[in-house]
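Engineer: coords please:
(chains A, B, C and D)
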Number of protein chains: 2
Amino acid sequence: MLTKQRKQHILNTLQQQGNVVAKTLSQELGVSEDTIRRDLRELAKAGVLQRVHGGALPASPAVVDLTGRQQLSSDEKALLGRAAARLIEPDQVVFVDGGTSTLQLVRALPVDLRATIVTHSPVIAAELISHPAIQVVLIGGQLFKHSGVAVGAAALAAIRSIRADTYFLGVTGIHADYGLSTGDLEEAQIKRALIEQAAETVLMVTADKVGKVSPYVIASATAVSQLLVTHSTTPAQYQPLADLGIAVSLCE
Amino acid sequence: MLTKQRKQHILNTLQQQGNVVAKTLSQELGVSEDTIRRDLRELAKAGVLQRVHGGALPASPAVVDLTGRQQLSSDEKALLGRAAARLIEPDQVVFVDGGTSTLQLVRALPVDLRATIVTHSPVIAAELISHPAIQVVLIGGQLFKHSGVAVGAAALAAIRSIRADTYFLGVTGIHADYGLSTGDLEEAQIKRALIEQAAETVLMVTADKVGKVSPYVIASATAVSQLLVTHSTTPAQYQPLADLGIAVSLCE
DNA sequence: AATGTTCGTGCATTATCGTGCAATTTCATG
DNA sequence: CATGAAATTGCACGATAATGCACGAACATT
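Structural biologist: From the prediction side, this is the model:
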């Protein structure tokens, strides 16, 4: 294995798990602990991680915190959420994805709105418990810790037994050529199923996701009929998507 | 677990709850009290917290973070949760009910415990997202708003496909003659199914529930093999249950 | 004042670290 | 193809960090 690949693996593991242990890495990668230590030292010197006794931590503290007590979400995301909430009509059935943007959506729902929300995110569901008029359907399955949503065969089966009017989708990348993408395979499968079961899909993303590509492709960008983005998105970013026939709305 | 992470955990807990106790932390984190004391000493020397006998307090006067989370429930329930957490062995599969008592249970889980938790409560599931070693299986279904758990045919079917070692149950009434009872029919059905699918059922309740009866009966009191109650429960309350062969534990 | 808990210190043990060094591989250059 | 420089890796060894235990002191509670 190439040195560079090894370092990349270390960084990936770090981002995914929030920490790495030298001993574990040496076993995983089949090299001596000395080599791992050297790698960690160099990566630390380059400033991309923080060296500690026994392993390493991310350089920027607390990137891994999707625990429901989400970090104070920006005003931009709140605007996104309010815009999305306005799209829901009474008595509709909608899918709501997990994530910070969609959490803002459910927080922005009018208290008198009667509708059904289907979600595979316990955080979204927990937030809706206090809503007086929304009926909630929870999709079960194995909980995928990284993004905090249910995945797996059980979740897929449950989704395929429901049809919804609208799906409020969140992704980590949308690109006119490479489509919608996310960081995990299972999550991509779930999102794909949700798109298929919804009459219409609305994508909610912050500006930094537009034009990006993540490892696992969900579907073509045209699977989205409407795109809600924060107002800092540039025309250069969204024009290729608008050309595909997607209705782009800047929220402000 | 890395030392620095442990210290971060201490600080997080401190910010969330407004105080930390050395003994509790040592159990949660799976290290000796000496190590915790050392951590607290060093954090205090760094000025980020204030050392007190038995634990520590925030350095800056108490800006407790109550974002969304339930007000810190009574110490009694926390004790109940810790006692229940100790009953879970590594690699077990356990059902965890919804409710404030069981929420204390998942909060008291040692961070290094590897086990599977199956729950139909989005609040429990959301809390466990941040736990590094617990695998979570979410039971889907319609969300019953009053108690915030999934109910209905889908939930029942999902439960019946799983067998667990232990079920941590919460109810609104337990009585030697009238058995276990709760305030909703659908919820009662779900609890009954969970009892059937678990090798052992542990009931967690506060003193005010012991000897009470609610409208919908779940099962006979003997369905419970162990009863964890708060220490304010009187012998008059629990003796009839103990006579049925239930192991009663007062938590203090 | 009595008792049990918590604390701090010293010490032993273990894991981890950094450095120097030698063996091996990679690679550019003659 | 040959060769030497640079890079990479593993090992040895002394240094450092982290942890748990023991014991007497400090503290809280009654």
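Engineer: residue contacts, residue A:85?
Structural biologist: Going by C-beta atoms under 8 Å, 6 or more residues apart in numbering or on different chains, residue A:85 touches A:105-106, A:108-110. C-beta: built from backbone N, CA, C; applies to glycine.
Engineer: what's the closest non-adjacent residue to it?
Structural biologist: In space, and not counting its chain neighbours, residue A:85 is closest to residue A:108: 4.0 Å by C-beta to C-beta, 6 or more residues apart in numbering or on different chains.
Engineer: In terms of helix, strand or coil, where does residue A:80 fall?
Structural biologist: Three-state call for residue A:80 (DSSP: H, G, I helix; E, B strand; the rest coil): helix.
Engineer: Tell me, how many residues neighbour it?
Structural biologist: 29 (other C-beta atoms under 10 Å in any protein chain shown).
Engineer: before we move on, what about the one 4 residues further on?
Structural biologist: Each residue near residue A:84 was counted by other C-beta under 10 Å, and the total is 27.
Engineer: quick one, what contacts it?
Structural biologist: Contact analysis of residue A:84 by C-beta under 8 Å, 6+ apart lists A:102, A:104-105, A:108, A:168, A:202, A:204, A:228.
Engineer: Take the residues you listed and keep only those in strands.
Structural biologist: Mapping those onto strands (DSSP state E) picks out A:168, A:202, A:204, A:228.
Engineer: Redo these as a markdown table? Include pLDDT, neighbour count and distance to chain B.
Structural biologist: Below are the ones in strands among the contacts of residue A:84 laid out as a markdown table (pLDDT from 0 to 100; neighbours: other C-beta atoms under 10 Å in any protein chain shown; distance: C-beta to the nearest C-beta, whole Å):
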| residue | pLDDT | neighbour count | distance to chain B |
| --- | --- | --- | --- |
| A:168 | 98 | 31 | 17 |
| A:202 | 97 | 23 | 22 |
| A:204 | 97 | 28 | 20 |
| A:228 | 96 | 23 | 24 |
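Engineer: Looking at those, spot the one nearest DNA strand C.
Structural biologist: Closest to DNA strand C out of the ones in strands among the contacts of residue A:84 is residue A:204 (41.1 Å), distances taken as C-beta to the nearest atom of the strand.
Engineer: From what I see, the closest one and residue A:170 are in contact.
Structural biologist: Yes - with contacts counted by C-beta atoms under 8 Å, residue A:204 reaches residue A:170, the gap being 5.8 Å.
Engineer: which neighbours do those two share?
Structural biologist: A:101-102.
Engineer: For stretch A:140-160, list every residue counted as buried.
Structural biologist: By neighbour count on 16 or more other C-beta atoms under 10 Å in any protein chain shown, the buried set for stretch A:140-160 is A:140-152, A:154-156, A:158-159.
Engineer: Export that stretch to CSV, keeping only CA atoms.
Structural biologist: The C-alpha trace of stretch A:140-160 is given here as CSV (Å, rounded to 0.1, in the frame of the first residue of the first chain):
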residue,chain,number,x,y,z
GLY,A,140,-37.6,1.7,11.3
GLY,A,141,-34.3,-0.1,10.6
GLN,A,142,-30.7,-0.1,11.7
LEU,A,143,-29.6,3.3,12.8
PHE,A,144,-26.7,4.6,10.8
LYS,A,145,-24.7,6.5,13.3
HIS,A,146,-22.9,8.9,11.1
SER,A,147,-26.0,10.7,9.8
GLY,A,148,-28.4,9.5,12.4
VAL,A,149,-31.0,7.8,10.2
ALA,A,150,-32.5,4.3,9.8
VAL,A,151,-31.1,2.3,6.9
GLY,A,152,-31.1,-1.3,5.8
ALA,A,153,-33.6,-3.8,4.3
ALA,A,154,-36.3,-3.2,6.9
ALA,A,155,-36.2,0.6,6.2
LEU,A,156,-36.3,0.0,2.4
ALA,A,157,-39.3,-2.3,2.7
ALA,A,158,-41.2,0.2,4.9
ILE,A,159,-40.5,3.0,2.5
ARG,A,160,-41.7,1.0,-0.5
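Engineer: Centre of the chain to that stretch, how far?
Structural biologist: 14 Å (C-alpha atoms, centre = their mean, to the nearest Å).
Engineer: quick one: the longest helix anywhere in chain A near DNA strand D?
Structural biologist: As assigned by DSSP state H, the longest helix anywhere in chain A is helix A:3-17. Yes - interface with DNA strand D: helix A:3-17 contributes A:3, A:6 (C-beta under 7 Å from any atom of the strand).
Engineer: hmm, who's touching the next helix or strand after that helix?
Structural biologist: Remark: after helix A:3-17, the chain's next helix or strand is strand A:20-21, criterion DSSP states H and E. The contact list for strand A:20-21 (C-beta under 8 Å, 6+ apart) reads A:10, A:13-14, A:40, A:54-56, B:2.
Engineer: Let me have those in JSON lines, adding neighbour count as columns.
Structural biologist: Compiled in JSON lines, the contacts of strand A:20-21 are given as follows (neighbours: other C-beta atoms under 10 Å in any protein chain shown):
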{"residue": "A:10", "neighbour count": "23"}
{"residue": "A:13", "neighbour count": "18"}
{"residue": "A:14", "neighbour count": "24"}
{"residue": "A:40", "neighbour count": "22"}
{"residue": "A:54", "neighbour count": "16"}
{"residue": "A:55", "neighbour count": "25"}
{"residue": "A:56", "neighbour count": "29"}
{"residue": "B:2", "neighbour count": "17"}
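Engineer: out of these, who's near DNA strand C?
Structural biologist: A:54-55.
Engineer: Take the contacts of strand A:20-21 and lay them out in TSV including pLDDT.
Structural biologist: TSV is the format used below for those (pLDDT from 0 to 100):
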residue	pLDDT
A:10	93
A:13	92
A:14	91
A:40	95
A:54	94
A:55	94
A:56	95
B:2	92
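Engineer: Look up how far DNA strand C lies from the nearest residue to residue A:13 once chain neighbours are set aside.
Structural biologist: Distances taken as C-beta to C-beta, 6+ apart put residue A:20 closest to residue A:13, at 5.3 Å, once the chain neighbours are dropped. Distance, residue A:20 to DNA strand C, by C-beta to the nearest atom of the strand, to the nearest Å: 10 Å.
Engineer: Residue A:20 and residue A:144, how far apart?
Structural biologist: 20 Å (C-beta to C-beta, to the nearest Å).
Engineer: Over to residue A:3?
Structural biologist: From residue A:3 to residue A:144 the distance is 31 Å (C-beta to C-beta).
Engineer: Now do the contacts for the spatially closest residue to residue A:98 that is not a sequence neighbour.
Structural biologist: Distances taken as C-beta to C-beta, 6+ apart place residue A:121 nearest to residue A:98, at 3.2 Å, with adjacent residues excluded. Contact partners of residue A:121, counting by C-beta under 8 Å, 6+ apart, are A:96-99, A:102, A:148-150.
Engineer: do the same with residue A:42
Structural biologist: By C-beta under 8 Å, 6+ apart, the neighbours of residue A:42 are residue A:7.
Engineer: which SSE is it in?
Structural biologist: Applying DSSP H and E as the criterion places residue A:42 in helix A:33-45.
Engineer: Which positions in chain A make contact with DNA strand D?
Structural biologist: A:1, A:3, A:6, A:31-32, A:34-35, A:38, A:52-54.
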